[in-house]
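**Student:** Got a predicted structure here, sequence first:
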Amino acid sequence: MSERKRPKLAVWKFSSCDGCQLTMLDCEDELLALTEEVRISYFLEATRKVEKGPYDVSLVEGSITTPHDVKAIREVRKQSKLLISIGACATAGGIQALRNFKSVKEFIRCVYAHPEYIDTLTTSTAISDHVPVDFELRGCPVNKHQMLEVLNAALNGRKPTIPRYSQCIECKETGTVCRMVASGTACLGPVTQAGCGTLCPGMDRGCYGCFGPMENPNTAALAAQLTALGQSRRDIHHLFRTYNANADAFRKESDSHG
Amino acid sequence: MAKAKSNSIATPVLDTSGLDGLIKLLRDKGYQVIGPHRADDAVVYDVIDSIDALPAGWGAEQSPGRYRLRRRDDDALFGYGLAPQGWKRQLYPPRQKIFGASRQNGGFAVDAPPPPSPPMAFIGVRACELAAMGRQAKVFGDRDFADPGYQRRLAEAFVVAVQCNEADSTCFCLAMGSGPEVTTGYDIKLVEVVTKDRHVFITEAGSPRGAKMLKALKTGKASPADLSAAERSLRHAGQQQRRLDAAAARALAANPEHPRWDQLAERCLSCGNCTMVCPTCFCTTIDDVTDLKGDHAERWRKWDSCFTLDFSYIHGGAVRTETRSRYRQWITHKLSTWVDQFDETGCVGCGRCITWCPVGIDITEEAAAITDQGRT
């Protein structure tokens, strides 16, 4: 590798499944090009070699669920020029934010033989609930092309092209026939941010909302239509309570079908 | 696509193998043939290589927010109504690369453009779709700044039109004056006649190249029964449940504060489906992308929708932050200000925005309510 000074990249993990970090490793063809442009200074999923901060760009996966996390994310922020949170956990609290709706004490009592060893918060929250975040990249997991676009934009000092509009627009661009209209399938597409590459609608499934609420989501109107399509209150409640359960719009809609 | 219309005396018909011959002939002449094809619970327009790809015996029921395939009780090849998306996809692709450029000696060099795609032949273009092509051709060509890509694709396209024999519940082409009769804009026009023991297509050439193509095919003569069946079918296709008073709808722009806009906004998802499936909607946005090194850049043109927040973004923020103002923008442009711009309405009455709206918002109903035409 040349002596040229490359920006230092760090990839952090909080409460998460590692899927977004794996998306980074899944870049395959682009990964080598990326290592030519950035210096991977901290990325435990990929290498045990660790360099000290500060870092030019930090990608943060996972949500904040423990008192330790709360301290650690502040340290990450302090060490990072740019902090980009990646994935539903980091941007909305993830699937583990389902705990926000229940008694965590009760969970601990039921699950662990020695509850006294467990030191956890009662909520799972987004990184931006704790520190300022420069960009939030949605998805469960994030889309590899969008991830590269965000890094690319950061490296070239431009605005990332990440649309905030509905999944429907992406479905129409790709020529995917609407599941909701053509087969009556329950779908969160009309209230979900585009970007996944039409994974589920392209495979005859409704959208599960992995990319979280779109700009101005009209969840109430969608819920009314889902009811008309035969979905029960419980179905609708569950539909909004998955990977982005704690995202404002989805949380409110699921609450009103509780 | 050509505008001339031939006046033949003995009306020729093609049988199904003749239609297959037409598809083969077009392919032999280097056309990429695109026609109806059953896929993903719908009949979509896709590349086809023979008559076998056509959705024989399949129909579709369309109503607000609902589309369902159904078996027909005959073997009609064109009995499915309208596909979810029109020929806009082919003539005006959702993503077009404008150019690529590479860094070179302190400046940059623009990449050589890719070779043009082969000419397309469209099988099964309906009257409303021909009208929509005309609308877009005007947008992309009649004024000072023609879109060369669009104009080339359109000029090269060989259009085999098929006249509708029936109307969907969402159709209102009659009210918009764009159908159901196919009158212009085709190379070959077909009218399908299916009975128990006969399956033919009454055929008419609409251009010299259409006539030449027909000459190379084995045609028969239309029987009086064929011709009267075609007439009956056309009347049948003209029996439409929906209508839109285009003249009255011009008053939409004069009603910016009608309470109906707010009621609409409660239902509208601002998902953009209506604009994506509309065969005349033409807005695009530009995306500039770079590679990681910053040595190569590309400029892409993508379909855009006036229902997105970014669409009205100017310095300092978006102008249309509310759903009501975005829907108002769309429908007033379509039915009111489009007339000021292009001397015709921007709606051809295909009804796609009604069928493919996930919550079934009906443009005819909204236009009538907002211009107080006594319907709700």
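**Tutor:** All right, it came through fine. Numbering: from 1, shown residues only, chains lettered A, B, ... in the order given.

**Student:** Nearest residue to the residue in the stretch 201-350 of chain B positioned nearest to chain A in space, please, no chain neighbours.
**Tutor:** The stretch 201-350 of chain B approaches chain A most closely through B:M276 (3.5 Å), counting by Cβ to the nearest Cβ. Placement of C-beta: from N, CA and C, glycine included. Among residues not flanking B:M276 along the chain, A:K172 sits closest, at 3.5 Å (Cβ to Cβ, 6 or more residues apart in numbering or on different chains).

**Student:** need the helices for the stretch 151-258 of chain A, in chain order.
**Tutor:** Here the stretch 151-258 of chain A has its helices, by DSSP state H, counting those that start in this stretch, at A:167-173, A:179-183, A:219-228, A:233-240, A:248-255.

**Student:** so what does the helix or strand harbouring the residue of the stretch 201-350 of chain B closest to chain A touch, helix or strand wise?
**Tutor:** Using DSSP states H and E, B:M276 sits in helix B:273-277. Judged by 3 or more Cβ pairs under 8 Å, 6 or more residues apart in numbering or on different chains; DSSP states H and E, helix B:273-277 is in contact with helix A:167-173, helix B:352-355.

**Student:** how about a markdown table for those helices, with mean pLDDT added?
**Tutor:** A markdown table is the format used below for these (pLDDT from 0 to 100):
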| stretch | mean pLDDT |
| --- | --- |
| helix A:167-173 | 98 |
| helix B:352-355 | 98 |
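
**Student:** okay if I get those helices as a markdown table plus mean neighbour count and distance to B:G107?
**Tutor:** Formatted as a markdown table, these follow (neighbours: other Cβ atoms under 10 Å in any protein chain shown; distance: least, Cβ to Cβ, whole Å):
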| stretch | mean neighbour count | distance to B:G107 |
| --- | --- | --- |
| helix A:167-173 | 26 | 33 |
| helix B:352-355 | 27 | 46 |
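
**Student:** re the thing from before, deepest of the helices of the stretch 151-258 of chain A, which one?
**Tutor:** helix A:167-173 (a mean of 26; mean count of other Cβ atoms under 10 Å in any protein chain shown).

**Student:** name the helices or strands packed onto that helix?
**Tutor:** Helix A:167-173 packs on helix B:273-277, strand B:296-303, going by 3+ Cβ pairs under 8 Å, 6+ apart.

**Student:** Find the nearest non-adjacent residue to B:C353, please.
**Tutor:** Nearest one to B:C353, counting by Cβ to Cβ, 6+ apart, is B:C274 at 3.7 Å.

**Student:** before we move on, back to that, deepest of the helices and strands packed on helix A:167-173, which one?
**Tutor:** helix B:273-277 (a mean of 27).

**Student:** so who does A:V38 touch?
**Tutor:** A:R6, A:P7, A:K8, A:L9, A:D56, A:V57, A:L151, A:L155 (Cβ atoms under 8 Å, 6 or more residues apart in numbering or on different chains).

**Student:** The last one: how many residues sit nearby?
**Tutor:** It stands for A:L155. Close neighbours of A:L155, defined as other Cβ atoms under 10 Å in any protein chain shown, add up to 21.

**Student:** any idea how far it is from chain B?
**Tutor:** 6 Å (Cβ to the nearest Cβ, to the nearest Å).

**Student:** same question, the first one
**Tutor:** Plainly put, A:R6 is 11 Å away from chain B if you go by Cβ to the nearest Cβ.

**Student:** Correct me if wrong: that residue contacts A:E37.
**Tutor:** Yes - the pair A:R6 / A:E37 is scored as a contact, 6.3 Å apart, by Cβ atoms under 8 Å.

**Student:** which of the contacts of A:V38 has the weakest pLDDT?
**Tutor:** Among the contacts of A:V38, A:L155 has the lowest pLDDT, at 87.

**Student:** correct me, but that one touches A:E149?
**Tutor:** No - applying Cβ under 8 Å as the test, A:L155 and A:E149 come out as separate, 10.8 Å apart.

**Student:** Stretch B:355-370: end-to-end distance?
**Tutor:** 21 Å (Cα to Cα, to the nearest Å).

**Student:** quick one: is that stretch near chain A?
**Tutor:** Yes - Stretch B:355-370 comes into contact with chain A (Cβ under 8 Å from any Cβ of the partner chain), by way of B:T355, B:W356, B:P358, B:V359, B:G360.

**Student:** Quick one: residues contacting whichever residue of chain A sits closest to chain B.
**Tutor:** Nearest residue of chain A to chain B, counting by Cβ to the nearest Cβ: A:K172, 3.5 Å away. Contact analysis of A:K172 by Cβ under 8 Å, 6+ apart lists B:Q85, B:P94, B:G272, B:N273, B:M276, B:V277, B:W303.

**Student:** can you confirm A:T122 is in a helix?
**Tutor:** No - counting by DSSP: H, G, I helix; E, B strand; the rest coil, A:T122 is not found in a helix; it is coil.

**Student:** number of nearby residues for the nearest residue to it once chain neighbours are set aside?
**Tutor:** Closest residue to A:T122 in three dimensions, ignoring its sequence neighbours and counting by Cβ to Cβ, 6+ apart: A:V104, at 4.5 Å. When counting by other Cβ under 10 Å, one arrives at 16 neighbours for A:V104.
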